[in-house]
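**Student:** Quick one: sequence plus predicted model below, questions after.
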Amino acid sequence: MLCALIMAGGIGSRFWPQSTLERPKQFLSLINDKTMLQMTYDRINKLIPKENIFIVTNSRYIASVKEQIVGIDDFNIIVEPCSKNTAPCILLSALYIKKVYKEANVVCISSDSYIKNESKFIEDIKLANKFISEKKDAIVTIGIEPSRPETGYGYIKYERGNCKVLKVSRFVEKPNYELAKSYYESEEYLWNAGMFIFNTTAILNEFKENTPHEYELLSELPDYRDDNYYNILNLNYEKCTKISIDYAIMEKSNNIYTIPTNIGWDDIGTWNSLERYLPKDSNNNVFKGDVKIIDSKNNIIYGNNKKIILLDIENIFCIDSDNVLIIGKKDRLDEVHNLKDKI
């Protein structure tokens, strides 16, 4: 049994002002007409039927999930009462899925990543599923072959070999540029895309060993159909430590493997990252929306509901949202999210 778990509870603060607490990044159409969540769901649905696709999200986003994934059953939405980072989220979901399907392999992916080569992605998931079906204690992470020195991603160091699935030596936090450059040139490191494939029994054993406090709190939950399920969940989840899956499990386990691959993956984590995927004209203007560009070059324009006209402008960005219009120098685009607290 192969299931998918899509994590869709983040707030996407770096995409403010488009991304807000009420409608965060995963519910936005940043690249094309589909939202990031819809693109992720459609991609994994090519391999896994909808009844086996679970979305874990914050309670405030249940309506948004139902609005965007038409026909999704309540049973396929796992409710996270509050944000506690990825480890408690995955633990809660693994326990939930194990009660539904006693023995299942799970593809765990975020709702807001972009993947260009979807057929290769599906091929890699099939390979990982086969591997953990034979080696049940293993956890496989999809490692992305770097295309540039990147300081915005974590890295995976792996042991070289002739197999397609290789042992992970260690996980590395986001480096500075010089370190990222050395990782890139060494060809011994992969980008950590935060995509994992595991058997529910195996991952729960890892949680039991490495995060016993959280495991005890959440394994006490009654069946999700029990009338007291949400009352106990709300109380116990609040007591969980806020910690990422990398810190909680991946950096401690000896059972981590990786599939080095090139699937055209991108985190789409900042406004600058959109420059790689939005349409670009002959004057290097990147834009989305109803935009008219005259005698202008090297600009990034993200429109919303109004027509935007540029005349004789260079090296600026313009971001339009429902209630804020922000214009600035292009080289300061990644500072936009910091403006939220200043205004």
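**Tutor:** Yep, it's here. Numbers count the residues shown, from 1 in each chain.

**Student:** Could you use CA atoms for every contact and neighbour count after this?
**Tutor:** Will do.

**Student:** what's the lengthiest helix in the chain in contact with?
**Tutor:** Longest helix of the chain, by residue count under DSSP state H: helix 118-134. Applying C-alpha atoms under 8 Å, 6 or more residues apart in numbering, the contact partners of helix 118-134 are 2, 43-44, 46-47, 105, 107, 115, 138-140, 142, 165, 197-199, 259, 261, 263.

**Student:** ok, now stretch 241-256?
**Tutor:** Contact with stretch 241-256 is made by 83-88, 90, 137-141, 167-168, 170-171, 206-207, 210-211, 214, as judged by C-alpha under 8 Å, 6+ apart.

**Student:** beta partners of Ile144?
**Tutor:** Beta-bridge partners recorded for Ile144 (DSSP bridges): Trp191, Thr261.

**Student:** Confidence-wise, which helix or strand of this protein is lowest on average?
**Tutor:** Within the chain, no helix or strand scores below helix 339-342, which has a mean of 78 by mean pLDDT, DSSP states H and E.

**Student:** Output that one as PDB, restricted to C-alpha atoms.
**Tutor:** This file holds the C-alpha atoms of helix 339-342, laid out as PDB (Å, rounded to 0.1, in the frame of the first residue of the first chain):
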ATOM      1  CA  LEU A 339       8.500  45.200   5.700                       C
ATOM      2  CA  LYS A 340       5.400  43.500   7.200                       C
ATOM      3  CA  ASP A 341       6.400  44.400  10.700                       C
ATOM      4  CA  LYS A 342       7.500  47.900   9.700                       C
END
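
**Student:** Need the three-state assignment for the nearest residue to Ile48 once chain neighbours are set aside.
**Tutor:** Leaving out its chain neighbours, the residue that sits closest to Ile48 by C-alpha to C-alpha, 6 or more residues apart in numbering is Cys3, at 6.7 Å. Using DSSP: H, G, I helix; E, B strand; the rest coil, the structure places Cys3 in strand.

**Student:** my guess is Cys3 meets Ala104, correct?
**Tutor:** Yes. Cys3 is in contact with Ala104 according to C-alpha atoms under 8 Å; the separation is 6.8 Å.

**Student:** tell me the domain ranges of the chain?
**Tutor:** Residue ranges for the domains of the chain, per automatic domain parsing: 2-135+192-248, 272-342.

**Student:** Quick check: end-to-end length of the last one?
**Tutor:** Using C-alpha to C-alpha, to the nearest Å, the end-to-end distance of domain 272-342 comes out at 21 Å.

**Student:** what does stretch 164-176 give?
**Tutor:** End-to-end span of stretch 164-176 (C-alpha to C-alpha): 29 Å.

**Student:** do stretch 281-298 as well
**Tutor:** For stretch 281-298, the end-to-end distance is 9 Å (C-alpha to C-alpha).

**Student:** got the contact list for it?
**Tutor:** With C-alpha under 8 Å, 6+ apart, stretch 281-298 has contacts from 275, 278-280, 299-316.

**Student:** Mind giving me the ChimeraX command for buried ones among the residues you listed?
**Tutor:** Applied in ChimeraX, the following selects the buried portion of those according to 16 or more other C-alpha atoms under 10 Å:
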select :275,278,280,299,300,301,302,303,304,308,310,314,316
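
**Student:** What strand or helix carries the residue lying closest to His213 once chain neighbours are set aside?
**Tutor:** Nearest residue to His213 in three dimensions, chain neighbours excluded: Cys240, at 7.5 Å (C-alpha to C-alpha, 6+ apart). Under the criterion DSSP states H and E, no helix or strand holds Cys240.
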